[in-house]
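[1] Sequence first, then the predicted structure:
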Amino acid sequence: MSRKTLLFSLLTAIALVATGTLRAADKPKTDDKPKTDAPAKKDAPKRDTYPFGGKITKVDAAAKSFTIAGKESTRTFLTTEATKYTKAGKPAAFADLKDGEEVGGLCKKNKDGKEEVVSMRVGPKPEADKPAPKPAAKPADKGKPEPKKTDDKK
């Protein structure tokens with residue numbers, strides 16, 4: 001009888017070891033993750049340009065720069081030979097910049113960390129760029145009840 005118990009215990013131990021090995025083989029390895037060509041979101045590069053806008057408070061012709069006063073701070077923007085200017089939809093130049101003039105456009109950080117204008121609009125936004133005003137809500141007629149909607153399909 002002890003021989004049967006010993007054989008039974010040995011077979012049970014083998015079965016347990018074999019099951020654990022099979023389960024370990026089923027687990028995916030960490031390097032088995034599917035690889036994609038798309039970069040991860042956290043690795044995605046930041047965009048190069050970003051918008052700016054406001055009223056010019058100072059123009060420095062010698063440095064080819066201008067300053068815009070914000071709510072909390074002032075920002076100075078540099079212009080280059082590559083900067084594209086427009087005024088009223090037509091080409092413009094740095095000479096068109098005046099104190100108090102409304103401007104807007106795209107800029108980027110240069111290698112020195114200063115804001116450099118890529119393209120800009122001089123003057124107010126054209127009407128086509130402004131959002132359309134919302135239509136006024138119609139007051140409800142209090143004297144007339146709303147017609148009932150019926151379902152004619154049966």
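    Sure thing, it's come through.

[2] got any ranges where this protein has weak pLDDT?
    Applying pLDDT under 70 to the chain flags residues 1, 18, 20-45, 128-154.

[3] could you pull out the strands for it?
    50-60, 65-69, 74-78, 84-87, 90-91, 102-109, 115-122 (DSSP state E).

[4] Any chance of CSV for those strands, columns mean neighbour count and distance to S2?
    Where C-beta positions appear, they are placed from N, C-alpha and C, glycine not excepted. CSV is the format used below for the strands of the chain (neighbours: other C-beta atoms under 10 Å; distance: least, C-beta to C-beta, whole Å):
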stretch, mean neighbour count, distance to S2
strand 50-60, 14, 83
strand 65-69, 18, 95
strand 74-78, 15, 91
strand 84-87, 16, 96
strand 90-91, 8, 103
strand 102-109, 17, 83
strand 115-122, 19, 89
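
[5] Put together JSON lines for these, with distance to R3 on each row.
    Converted to JSON lines, the strands of the chain look like this (distance: least, C-beta to C-beta, whole Å):
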{"stretch": "strand 50-60", "distance to R3": "83"}
{"stretch": "strand 65-69", "distance to R3": "95"}
{"stretch": "strand 74-78", "distance to R3": "91"}
{"stretch": "strand 84-87", "distance to R3": "95"}
{"stretch": "strand 90-91", "distance to R3": "103"}
{"stretch": "strand 102-109", "distance to R3": "83"}
{"stretch": "strand 115-122", "distance to R3": "89"}
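
[6] Can you say which of those strands is nearest to T19?
    The closest of the strands of the chain to T19 is strand 50-60. By C-beta to C-beta, the value is 58.6 Å.

[7] quick one: strands adjacent to that closest one?
    Partners of strand 50-60 in the sheet, by DSSP bridges, are strand 65-69 (antiparallel), strand 102-109 (antiparallel).
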